[in-house]
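S.K.: Need coordinates for the following:
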Amino acid sequence: MNRIAQLEKEIRRHNDLYWKKQTLEISDIDYDNLVRELASLDPDNPLLTEIHSPISVKGLKVKHVQPMLSLDKVYSVKELIAWCEKVARNEEEQFLIQYKFDGCSAEYFQGTLSTRGDGLLGENITDKIPLIYFIDNDTQYQRGEIVLSKSTFEQYKDKLKKKDGTPYSNSRNACAGLLNRDDNENIPKAIMAFVPFDYVSEQHSLKKIRALDIDYITEKAKANNFPTDGLVVKLADEEYKKSLGATSHHARGELALKFANDSAETILKGVTWSSGKEVITPIGNVETVEIGGVNISNVSLHNMQFIKDKDIHIGDTLVVERAGDVIPHVVEVIPGDSRVEVTIKKCPECGSDVYYDEPNIKCSNYDCSGNNLNKLYDAVRRIGIERLGKPTLKEMMTVLDVQDLTDIILLNKDDLLKLDRFGDKKADNLLKEISVVYDGVYEWQILSALNIPGIGTTLSKMLCEKIPLSSLIHLCSFEKRNRVVNTLCALEQIEFERANELINGINDNLFYLERLMNMLPIKHDGKEESFNLQRVCFTGKFPEKKSFYYEKLKGKYEIVEKVDKNTDILVVADPSVGSNKQKKAEKMGIKIMGIDEIMGVL
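M.R.: Reported below is the predicted structural model:
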């Protein structure tokens, strides 16, 4: 087994132990070391950007009101201020600073409590509500972190045990363990707290943030009775924040400042360049140094722009920090006595010339073997084929002329026996692994497997929920581009640039898409399609609970929680009250209806 496959197997096993079983076989430091090594060998590996949920309750899936993405991270105040300056429109741009609580992210909506899950769908844990007290009394909708306070953990840590009778190592693991229990017996009522994300929130302008004592705020956060592991900084202007869009992993208008890590100085000896799906990534090779008990020999240099901005040269002394779930991060550069410029002229995979496309280095060869391998590997994982590693894929591309997923799906035993070290048993096992696609795939898996820039797994799920893939293909292929862009931009998380990437990606892959959809049975999860449904918002106090009307409108309208440019109808309980939502709807020309009126047209 190659090293990347070994690392993937180990990391997945430890993820399962940590997130689902609240068990640690190795220390955080040892786990981080595994992830760092994987990142240094394969910077684009999907494992590095997976959204994890600590809950594995076997229950109904709950669709989030809005996607619950993860957070991008920085590890120094300098990086935080640089990010604020990057997204701010002027010196008076307002930011919110909030505590990043260390528990289990959740959403509460109309009596239903659900976990983060994959960001779009969470597990229903409503049965755990008796174990939780809600700091906010909002009974309709709120998001936050379910936590076990430090004092409560200390009080009960000797009484609360895992299934195997061993104690929990910290309050976060205990919290996840309690939520994972099949029953609530012998668990004290309201032992955990649901803390809203904005429970502690300060608002400051960009100008003021530069002068803030972030270290003081950090110390206050660490001293809080609810466990915290960082600060969350986000744009206060919700509409502007939303307009920046999101990656498949995180929103661009907010990020986390993780608490300070251990650091050390080391010398940059050289740079290794690693080919990804689109770009060539620099990995710094440094003199081995110990940070927090871990021997570090590689550090992330991100991209060529990062190297230019920090004026990094071979021979420089780097101040390196342990940086959470990625390989160690450079926070400061001290020029060395003998400095050699960091350069690259040829692609490390195909040998073609490279070029600088700010902020990255890219291969000039459109058909680069390195890029193609990484794209195919990513597509294989997204379509559900787990045990097909890069070395085997690379050999398939060379020996069997495999170019895309359809070629892999059509492979037979005679083909596989042509590969090095493949006998009958290994060939049969791989064919069995590939055959999982014949049990059916979801439309979003096909879309995400196209490797369209900016269209990852999370966004593909959201798109295919709103628009069936066949309709999306027709829309992007035959409608006028302006109309398609406007339709896509009306959906959450799709901005102008990404909408155009999607249109181009689908049109460039039309034949391939149709071939995949004809080859593979499509699975459906039974959810109602909301594409072309009118978006309805409610305001005021109605004769019945809002959930009563929501249920009546289900499948006929899409319920939204706020009035914006995408809202079609505002339902008001009493037009004479003139709520803020009603005033906004009137100003925007949105149709206003009474509850009897809309119920009468069902």
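S.K.: What separation do you get for residue 67 and residue 115?
M.R.: To residue 115, residue 67 is 14 Å away according to Cβ to Cβ, to the nearest Å. Bear in mind the C-beta positions are built from the backbone N, C-alpha and C, glycine included.
S.K.: If you count surrounding residues, which of these two has more?
M.R.: Between residue 67 and residue 115, residue 115 has the larger neighbour count (other Cβ atoms under 10 Å), namely 27 against 21.
S.K.: hang on, isn't that one packed against residue 104?
M.R.: Yes: with contact defined as Cβ atoms under 8 Å, residue 115 counts as touching residue 104 (6.5 Å).
S.K.: which SS state does the residue lying closest to residue 129 once chain neighbours are set aside fall under?
M.R.: Sequence neighbours aside, residue 113 is the residue nearest to residue 129 in space, at 5.7 Å (criterion: Cβ to Cβ, 6 or more residues apart in numbering). Secondary structure assignment for residue 113 (DSSP: H, G, I helix; E, B strand; the rest coil): strand.
S.K.: now swap in residue 547 and tell me
M.R.: With three-state DSSP as the basis, residue 547 sits in helix.
S.K.: before we move on, what about residue 502?
M.R.: Taking three-state DSSP, the label given to residue 502 is helix.
S.K.: May I have the residues that are in contact with it?
M.R.: Neighbour list for residue 502: 452, 454, 455, 463, 476, 488, 494 [criterion: Cβ atoms under 8 Å, 6 or more residues apart in numbering].
S.K.: repeat that with 10 Å
M.R.: Going by Cβ atoms under 10 Å, 6 or more residues apart in numbering, residue 502 touches 447, 450, 452-455, 459-460, 463, 472, 475-476, 484-485, 488, 494.
S.K.: Check residue 464 too.
M.R.: 442, 443, 444, 445, 446, 447, 448, 471, 472, 529, 531.
S.K.: For residue 510, see how far away it is.
M.R.: Using Cβ to Cβ, residue 464 is found at 17 Å from residue 510.
S.K.: Which segments of the chain make up each domain?
M.R.: 3-50+261-341, 61-258, 369-439, 442-523, 534-600 (automatic domain parsing).
S.K.: To residue 357, which of those lies closest?
M.R.: Closest of those to residue 357 is domain 3-50+261-341, at 8.1 Å (criterion: Cβ to Cβ).
S.K.: got the end-to-end distance for the closest one?
M.R.: End-to-end distance for domain 3-50+261-341, by Cα to Cα, to the nearest Å: 31 Å.
S.K.: Over to stretch 271-280?
M.R.: 12 Å.
S.K.: Let me have the domains of the chain in a markdown table, extended by mean pLDDT and distance to residue 353.
M.R.: Formatted as a markdown table, the domains of the chain follow (pLDDT from 0 to 100; distance: least, Cβ to Cβ, whole Å):
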| stretch | mean pLDDT | distance to residue 353 |
| --- | --- | --- |
| domain 3-50+261-341 | 79 | 12 |
| domain 61-258 | 87 | 29 |
| domain 369-439 | 91 | 14 |
| domain 442-523 | 86 | 22 |
| domain 534-600 | 79 | 45 |
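S.K.: Residue 352 is nearest to which of these?
M.R.: Nearest to residue 352, of all the domains of the chain, is domain 369-439, at 9.7 Å by Cβ to Cβ.
S.K.: what's the span of that closest one from first residue to last?
M.R.: 31 Å.
S.K.: So that it lines up with my notes, have the first residue be 33 from now on.
M.R.: Renumbered: residue one is now 33, and that last one reads domain 401-471.
S.K.: Tell me how far it lies from the chain's centre.
M.R.: How far domain 401-471 lies from its chain's middle: 27 Å, per Cα atoms, centre = their mean, to the nearest Å.
S.K.: The strand or helix carrying residue 516 packs against which elements?
M.R.: Assigned by DSSP states H and E, residue 516 belongs to helix 513-521. Here helix 513-521 touches helix 489-498, helix 501-510, helix 528-540, going by 3 or more Cβ pairs under 10 Å, 6 or more residues apart in numbering; DSSP states H and E.
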